[in-house]
Structures are given as C-alpha cells and as structure tokens.
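A.B. asks: Show me how the following folds:
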Amino acid sequence: MSIGASHLSDIEHASGGGSRYRLRDLFTPLDTLLVSGGDGRLALDPKERVNAYGCGPSPDPEIWNFASSTASPISQRAYDRAALAREELVHKSLFDEVEIAFDRRCEHLRDELRGHLQLPPRIDVVFSPSGTDSQLHALFLAHAVLGAPPVTIVVGADQTGSGTVHTARGHHFSTMTASGLAVRKDGPIAGLAGDSIAVPLLDAETGFTMRTDADAAVMRAIEDSLAQGRRVLLHIMDSSKLGWRAPSVACLDEIARRWPRKVQVVVDACQARLGRRRLRSYLDRGYMVLITGSKFFGGPAFSGALLVPKGFSRLLDQIEGIAPVVFDYAGRCDWPMAWTALRSRFERRPNFGQWLRWEAALAEIGSYYAVPGAFRAKAFAELASGIDAMIASSSSVRAVPAAVGTPEVGDEEFAQRTIFPFTLVRNGKPVSIAETSALHRALARDTTDDNSGSAENRQVAAQRCLVGQPVRLEQPEGAPQAALRLCVGARLVTDAWSPDGAQAQRNVQHIVDRTARVLVKIDLLLDRTAAVPA
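C.D. replies: Sure, this is the predicted structure:
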C-alpha cells in the first residue's frame, strides 16, 4: 500500500475512535485478508499454504487451472484490484468512519455487478461469504415471503454443495460462522430450522446419466408437501456440479400456474454457468437466484450473493422477529442500503475478506464480459469439441454423458457445455473413490520424484494441474465411483481473446493442448500407483 502504516494514527483520528480496530484490520497482509471472513473451507494448510481446493491466497501463474467448478487460484489482475480497493478504502476513511466508507463501497459493488450482468436497478444484491451462506439468506427471505416456515425441496441434491444438506433444513453447515461464532455443525438454527426433501438427478439404474423423470419427481414432492399444509421453497438447479439443469421451463410454468404464492423458487446458479438473458428471466419470474464470483468467473474462493427480485424488501419490513443466530450470518453492509428496516437490526460489522474476494471476482467478471460475445461463443464451441475429443481418445478416463436436452432461449454462449466430467479406469476397471481423490491431489503437485520415465514424461509429471474435485456417483451394482471434471472457466476465455483472430485461434488450441497433457499426467499417475498414495 502506498499509504504507510505510520499514518494510521492520523487516519484513525479522522475516522473516529469507534473505527480504530476496524481500520487496523485493513493493514493486515492482503494474503491474510483474502482468506478471512469465512468458514473453515478458507483455511490454508500450514505447510503447503493452500486451501482444501489446492488454491493459495496469491497468484500462482505456473499452475494450470481447469477447476472452475470447484475453486480457482486468484489471478494477478484480481489480486491487483483487491490491493487497490483496500488502498482506496483507507483513503476514503480519512473523511468518513470506515464502516460508512465500507458500506458505500459495497453499494458500488452491487451497481457494478448489476451492470456486468445487465440487471436493472430494481434487482437487489445481498452479499455473503459463500454460496452456502447465501442459501441461509434465501431461506430467511422465503420465511417472510411465504408467511410460514417452508419445506425446502432440493433439486439436484446429489450434485450441489456439501453444505446444502444442512442449509436446506435451516441447520449450521460448519462449526464456525463467518462472524467467528462457534456453532455445532448440523445443529438447528432456531427460527430457521425445518424440513427438506432431496430430489437427486443421477439415474438410479445407470449410475452415470441424468434421470429422465426429474420433472415428475419435482411435481410429486411439491404436491405431497402442499397436501400436508406446508409452503414450499423449491431449490432448482442451473447448473449442477456435472453441468446439469432441472427442472424444465415447462415444469416451472406448470408450478406457477397450479400453485401461485405457495411455492417460492430459488435458483442454485452458484456455478454461474448461464446466459445473462436466462438469469434475467428467472428474476422476472420472481425467483431468487444464488450466484458466486468464485466458480465459473474464477474469483478466489469464497464469494456468494443472493439476487432478489423487486418487492421482497417490502415484505421484510413486516417481520416482527428475527432468529438471533441469523445476526451471526450477516452484517448490516451485506444487505442493500434500500432495505433500511432490516439493516437497522444488524450490527455494523465489515467483513473485509468477503469484500476483497468480491472485488477480485468483479475484476474477472468485468474482463470476461469485455470479450466480444461472438468470440466467447466460438471459444466455448471449439473448447467443447476439443476437450470431448481428448477425453474420448484417452484409455484412462471414461466420459460421464451430458444431460439430454436442447439449448433454450437465453442460454447464449452456455448453449455449449463448460463442465466435462469423467471417471477413471485402469485396465478397463473403475478406479475407487479413494484413489480418485488421491490422484486429484497428485495432479496439483510436481510428481517428477515419482517418475523415472522419459524426459517428456517427467515434464508432464512436473506440471501442476487443478481439475474439479471428485463428485460421488452411486452405482446400482457395486461400489460407488467418483467423477473428476475438466472445466472451462471465464478466465480461460478472457486470456485467450485477442483482436488478432489468428492469435486467438492459437490461444484456444493451446488450451485444448493443455487438457491433453492433463490427461497424459493422469495416465502416468495411474500407471504408477505409488505416485498416488491412498
């Protein structure tokens, strides 16, 4: 920071004594701030200095990243924006209390996010430390909209975040909240706790394909819940860990026709793999939408947001009581400034880590949408074709079939797949979940010490690669398996773009070539089981 810590006492004096501790927090090393203000998933391994997803808090340009369905290392442009944003907030705090300056900055981020996503000002944005926290915010708002505690129906329960099984029931999803409160994981949150119903998407008979009766299963779950006198929060999927979407638009139209004001829909779009027109269509229907800046867009883990359609804030003004623990899952600055009544009940508690991760994510979102739409669509199509071909040519992996369906209005570039799941095989037999997980970790390491082959093989072994974490696939017969995922994220497209068409084409081909080398490293690791410790 260009403003030195020696000026801290002057700034604290200008910003008011009550803000001193908060301002001192801003002088914490940036790497430390970027992994603060969240739950245990942000914790860094003391030796490797990476989180459970293999990502550190500072740029790591030498690692190949195809893991945007899980988490990505922070890019240099995102890191630089976070550093500049921190410096700017310190300067703003010369004139206002740091909490006031912070609140204004968060409102600016809401405007910027709406601008990138082409959303009107009437769409409200509620920030959170993670998509999982945003699920609790959605449940809290659904209480107000439906007028009673709902039962949550989770579509794609087998392909959403691991915390959803807890948040859907209004339970704690970790042992610590982002505010630092110690809680009991899976313990009920008073005032939010309720029931949930899981609707898996994996076909029980094949174990690899998407079920064909997802719409019917959703309708049955709603009918049964309403017959019991319950209101419903329908948690739909767009898209899942395997890139699947459900239920269909026709099913959603039928739900709206049959049960107006009895079913509130929240869209799990945490992967952010949907066109902007499709996103707007959900909000126009009155759905809440969960997104993150840390999956497709490639910002640092974790950054969550709940997009809320017009009218919710008026209903919130009617809430007489708020479950006390809810105050530990949000601060005043997380809620839009226009929500004055609700905000007044929450503590002014800036979450600098959450804010800086969103600053970083917005650097990626802005860069992505600055790329011409025609190139984005073309790059997606060529990458999908190339990656499919690479997977098909490998004897060590087996593609998980894509969900059957046709592109819909509003899909835009996402008419193409961006997640390519595959299972591992050795000598034609499936590899266990434990070994798949171990191989996933080994891909992120330099494994030349375990490889005594050719110079070319040693070069492949040395390359560190991130791919999407294993997704459990229950099998109708035999042991369950796990799918890894090669993922196309926004940063790959952003970095491939060039106004020179020939250069851009070479850049896209370079990405495909890298995926081929990732698959070669998988071959090497499977050939040398000692390199993949259990």
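A.B. asks: Tell me which stretches of the chain form strands.
C.D. replies: With DSSP state E applied, the chain shows strands at 64-66, 124-128, 151-155, 196-199, 232-238, 245-246, 263-268, 288-292, 304-308, 397-399, 419-426, 429-430, 465-473, 481-487, listed in chain order.
A.B. asks: Format these as CSV; extra columns: mean pLDDT, mean neighbour count and distance to residue 277.
C.D. replies: For the C-beta atoms, the positions are set from N, CA and C on the backbone; glycine is no exception. Output for the strands of the chain, formatted as CSV (pLDDT from 0 to 100; neighbours: other CB atoms under 10 Å; distance: least, CB to CB, whole Å):
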stretch, mean pLDDT, mean neighbour count, distance to residue 277
strand 64-66, 98, 23, 27
strand 124-128, 97, 25, 19
strand 151-155, 98, 26, 22
strand 196-199, 98, 20, 26
strand 232-238, 97, 26, 13
strand 245-246, 96, 24, 15
strand 263-268, 97, 24, 14
strand 288-292, 98, 27, 13
strand 304-308, 98, 26, 14
strand 397-399, 97, 20, 29
strand 419-426, 97, 23, 21
strand 429-430, 94, 14, 40
strand 465-473, 97, 23, 26
strand 481-487, 97, 24, 23
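A.B. asks: Would you mind saying which of these lies nearest residue 495?
C.D. replies: Across the strands of the chain, the minimum distance to residue 495, taken as CB to CB, is reached by strand 64-66, at 10.3 Å.
A.B. asks: partners of the closest one in the sheet?
C.D. replies: When pairs are called by DSSP bridges, strand 64-66 turns out to pair with strand 465-473 (parallel).
A.B. asks: With just CA atoms, put the strand it pairs with into CSV.
C.D. replies: Below are the C-alpha coordinates for strand 465-473, written out as CSV (Å, rounded to 0.1, in the frame of the first residue of the first chain):
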residue,chain,number,x,y,z
CYS,A,465,-2.8,-29.0,-12.7
LEU,A,466,-6.1,-28.3,-11.0
VAL,A,467,-9.3,-30.1,-12.0
GLY,A,468,-12.7,-30.1,-10.5
GLN,A,469,-13.0,-32.1,-7.3
PRO,A,470,-14.4,-35.6,-7.3
VAL,A,471,-18.2,-35.9,-7.5
ARG,A,472,-19.6,-39.1,-5.9
LEU,A,473,-21.6,-41.3,-8.3
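A.B. asks: for the stretch 351-500 of the chain, which spans come out with low pLDDT?
C.D. replies: 405-407, 409, 451-452 (pLDDT under 70).
A.B. asks: And the helices in the stretch 401-534 of the chain?
C.D. replies: Ranges of helices within the stretch 401-534 of the chain are 433-443, 455-462, 490-496, 501-527, based on DSSP state H, counting those that start in this stretch.
A.B. asks: Which strands or helices does the shortest one pack on?
C.D. replies: In this structure, helix 490-496 packs against helix 352-370, helix 373-393, helix 501-527, with contacts taken as 3 or more CB pairs under 8 Å, 6 or more residues apart in numbering; DSSP states H and E.
A.B. asks: re earlier: got TSV for the strands of the chain, with distance to residue 367 too?
C.D. replies: Below are the strands of the chain laid out as TSV (distance: least, CB to CB, whole Å):
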stretch	distance to residue 367
strand 64-66	15
strand 124-128	20
strand 151-155	32
strand 196-199	36
strand 232-238	23
strand 245-246	26
strand 263-268	25
strand 288-292	17
strand 304-308	18
strand 397-399	30
strand 419-426	21
strand 429-430	39
strand 465-473	20
strand 481-487	18
